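Visitor: 3D, please:
(4 chains)
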There are 2 protein chains.
Amino acid sequence: MKFKSVERSPSLPEEIVASLTSALHAGELRPGDRLPSEQALATEFGVARTVVREAISQLKYDGIVQSRVGVGAFIAPPQERTAFRISPACFQKRKELLKLLRLRNGVVIEVAADAALARTKRDIARMEAILKEMREAIGDREHGAERHFEAERQLIHVIAKVADNEHALNFIVMIDSQIAEKLRSVAVKNTKATELAAVAIEEQAHLVEAIKSGDPVAARDQARQHYDNAAQRLADRADLADV
Amino acid sequence: MKFKSVERSPSLPEEIVASLTSALHAGELRPGDRLPSEQALATEFGVARTVVREAISQLKYDGIVQSRVGVGAFIAPPQERTAFRISPACFQKRKELLKLLRLRNGVVIEVAADAALARTKRDIARMEAILKEMREAIGDREHGAERHFEAERQLIHVIAKVADNEHALNFIVMIDSQIAEKLRSVAVKNTKATELAAVAIEEQAHLVEAIKSGDPVAARDQARQHYDNAAQRLADRADLADV
DNA sequence: GGCCACAGCCTGTCTGACAACCTGATTAAT
DNA sequence: ATTAATCAGGTTGTCAGACAGGCTGTGGCC
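Guide: As a prediction, this is how the structure comes out:
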């Protein structure tokens, strides 16, 4: 992973979506407002109508606009939203990122409690294997940071699966993959600071222990302990890296 | 609200999206697979290519497929997902619905703690006004249930706003609006059972009190108390209503 | 004043076309 | 025989134009 992936020029529909959503976010478009006709937008953006239609179809997919044949397309009220999506820009700002982690952690903590109620012996074995991997990773000077990061991720996934909550898993995967670079870089730094890595592993070991004991309240407490601390560590380290 | 909204015949792109996503969910399409060409899909579905393109553009928007010029469109790995969206079917099944509520409650509980740290006098005044509205709604035989339901909703929104977490607000609004009918019908039943409504109000009063005192841990506990209980009440009542 | 028909606009869909691009096979050159 | 250049075919991205079906407001008619 030496080279960053080249960002190819965004497609025309993407740009139009971005333009419209930013207009909406800026308050220039408000719920109930009618969008200009597709033809009008096409000429305004200097593209074909099919391009505008693709853009609008994406917004319709999210429930942001609703269109009526023969009338036009309208900005839908917020409660019509059918998808939760975060603009990539949010993952750049430290403050926003921490807020997103709050969301994620809220969900993780919740499923940890469910996992404590549903865990089987096999589940516990898998979690302990992940803990073992973490401990071994400490000794690995070369790929240790990567291995640790990957193991942390897997632990969350296993917990979500044990809790049998696919939605939670989807949600967590989505958030995590979006902030993966940030999380990874900080995780790497923390792992190099061996004492922090050891602390993190112990926290997670306590979490697994709580799940093993089948105590949802304890699992919740341990999950909060670890993931809130992890967010705090991220906050501490991240401000060294970026603005 | 006497008449149910008529479901207008879904548009062709919608149907194709549904078809493709169901194929994906059924495992017929797996990450890395190439979709048939747009032309092929068009003839297969018996529609124009523009329709297929709109469908695929929606899937691309969610990061479910990625397309490369001159090559084709491919199912992306799950970690490329950029949106969290729930199929409407999930809101029908009681079990799924409760899992979604778990997600929501996890987030709500988290922001309640943040709200306790950020609340101002004005925020508290707004919350107490909402509580007052709830108490008054009990006496209203005609619209009491509706008023109570609306007030509960507003309380969550205010809390999310106080916590200054727009993402959480969006998330909660999205989930709530999707399960609004279910929530509403059960809320109405519970409100008619006056003793349950009184319990719910007291729980929320405690929550507001905790936020007022600025104690995040207490706020979390009270939030959990109320929203988990509310979910439980929903579970108890909902199985009377549906399968 | 009230009712009706109609023109004009809008979305949804279809068709055909072309540019840019990629892949794999074929061909040419060494 | 191996390598390099070429090319044909398929694919996505975009464009232009067309038509059906639906809605709205206007103007004429009763």
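
Visitor: what segments of chain A are helices?
Guide: A:12-25, A:38-45, A:49-61, A:94-118, A:121-139, A:144-162, A:166-178, A:180-192, A:194-213, A:216-241 (DSSP state H).

Visitor: any idea how far the last one is from the chain center?
Guide: With CA atoms, centre = their mean, to the nearest Å as the basis, the distance from the averaged C-alpha position of helix A:216-241 to the chain average is 15 Å.

Visitor: by mean pLDDT, which helix or strand of chain A comes out lowest?
Guide: Ranking every helix and strand in chain A by mean pLDDT, DSSP states H and E puts helix A:180-192 at the bottom, with a mean of 69.

Visitor: stretch A:64-78: end-to-end distance?
Guide: Terminal residues of stretch A:64-78 lie 7 Å apart, using CA to CA, to the nearest Å.

Visitor: now do the same for it: mean pLDDT, whole number.
Guide: If you average the pLDDT over stretch A:64-78, you get 94.

Visitor: contact partners of that stretch?
Guide: Identification of contacts with stretch A:64-78 by CB atoms under 8 Å, 6 or more residues apart in numbering or on different chains yields A:21, A:24, A:29-35, A:37-38, A:56, A:59-60, A:63, A:80-81, B:170, B:173, B:177. All C-beta atoms are positioned from the backbone trio N, CA, C, and that covers glycine.

Visitor: for DNA strand D, what are the nearby residues on chain A?
Guide: By CB under 7 Å from any atom of the strand, the part of chain A that sits against DNA strand D consists of A:11-13, A:46-51, A:54, A:68-71.

Visitor: from residue B:71, how far off is the closest residue to residue A:159 other than its chain neighbours?
Guide: Spatial nearest neighbour of residue A:159, excluding adjacent residues (CB to CB, 6 or more residues apart in numbering or on different chains): residue A:115 at 4.8 Å. Relative to residue B:71, residue A:115 is positioned 41 Å away (CB to CB, to the nearest Å).

Visitor: of the two, who's got more company?
Guide: residue A:115 (28 against 8; other CB atoms under 10 Å in any protein chain shown).

Visitor: wait, the more buried one sits on residue A:162?
Guide: Yes. Using CB atoms under 8 Å, residue A:115 makes contact with residue A:162 at a distance of 4.2 Å.

Visitor: quick one: buried residues of stretch A:91-102?
Guide: For stretch A:91-102, a neighbour-count test (16 or more other CB atoms under 10 Å in any protein chain shown) marks A:91, A:94, A:96-97, A:99-102 as buried.

Visitor: leaving out sequence neighbours, find the closest residue to residue A:14.
Guide: Distances taken as CB to CB, 6+ apart place residue A:55 nearest to residue A:14, at 7.8 Å, with adjacent residues excluded.

Visitor: that neighbour contacts residue A:21, correct?
Guide: No. Residue A:55 is not in contact with residue A:21 according to CB under 8 Å; the separation is 9.8 Å.

Visitor: what residue lies at the spatial centre of chain A?
Guide: Among the residues of chain A, the one closest to the centroid is residue A:175, at 0.5 Å (CA atoms, centre = their mean).

Visitor: so what's that residue up against?
Guide: With contact taken as CB under 8 Å, 6+ apart, residue A:175 is in contact with A:86, A:100-101, A:103-104.

Visitor: same thing but at 6 Å, please
Guide: A:100, A:104 (CB atoms under 6 Å, 6 or more residues apart in numbering or on different chains).

Visitor: so how far is residue B:103 from it?
Guide: Distance, residue A:175 to residue B:103, by CB to CB: 12 Å.

Visitor: could you do residue A:131 as well?
Guide: From residue A:131 to residue B:103 the distance is 26 Å (CB to CB).

Visitor: these two - which one has more neighbours?
Guide: Taking neighbours as other CB under 10 Å, residue A:131 and residue B:103 compare with residue B:103 leading, 25 against 18.

Visitor: around chain B, which positions in chain A sit nearby?
Guide: Applying CB under 6 Å from any CB of the partner chain, we find that chain A lies next to chain B at A:50, A:54, A:57-58, A:61, A:78-79, A:81, A:83-85, A:99-100, A:102-103, A:106-107, A:110, A:165, A:167-168, A:171, A:173-174, A:177.

Visitor: tell me the phi and psi of residue A:37?
Guide: Dihedral pair for residue A:37: phi -70, psi 160, per degrees, to the nearest 10.

Visitor: leaving out sequence neighbours, find the closest residue to residue A:180.
Guide: Using CB to CB, 6+ apart, the closest residue to residue A:180 is residue B:79 (7.5 Å).

Visitor: that neighbour against residue A:178, yeah?
Guide: No. Using CB atoms under 6 Å, residue B:79 is not in contact with residue A:178; the gap is 9.0 Å.

Visitor: who's more crowded, the two?
Guide: Taking other CB under 10 Å, residue B:79 and residue A:178 do not tie; residue A:178 has more neighbours (22 against 14).

Visitor: contact partners for that one?
Guide: Taking CB under 6 Å, 6+ apart as the criterion, residue A:178 is in contact with residue A:91.

Visitor: so, low pLDDT: which residues of chain A?
Guide: Within chain A, the ranges that satisfy pLDDT under 70 run A:1-8, A:186-195, A:238-243.

Visitor: let's see 50
Guide: Filtered on pLDDT under 50, chain A yields the residue ranges A:1-2, A:4, A:240, A:243.

Visitor: show me how it divides into domains.
Guide: Domain assignment of chain A by automatic domain parsing yields the ranges A:12-80, A:88-241.

Visitor: by proximity to DNA strand D, which residue of chain A wins?
Guide: For chain A, the residue closest to DNA strand D is residue A:70, as judged by CB to the nearest atom of the strand, at 2.6 Å.

Visitor: how close does that residue sit to residue A:149?
Guide: Residue A:70 is 54 Å from residue A:149, by CB to CB.

Visitor: most distant residue from the centre of chain A?
Guide: Computed with CA atoms, centre = their mean, the most peripheral residue in chain A is residue A:70, at 39.0 Å.

Visitor: for DNA strand C, what are the nearby residues on chain A?
Guide: By CB under 7 Å from any atom of the strand, the part of chain A that sits against DNA strand C consists of A:35, A:37-40, A:49-50, A:53, A:56, A:67-73.

Visitor: need the buried ones from these selected in PyMOL.
Guide: Entered in PyMOL, the line below selects the buried ones among these, by 16+ other CB under 10 Å:
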select buried, chain A and resi 35+38+50+53+56+67+73
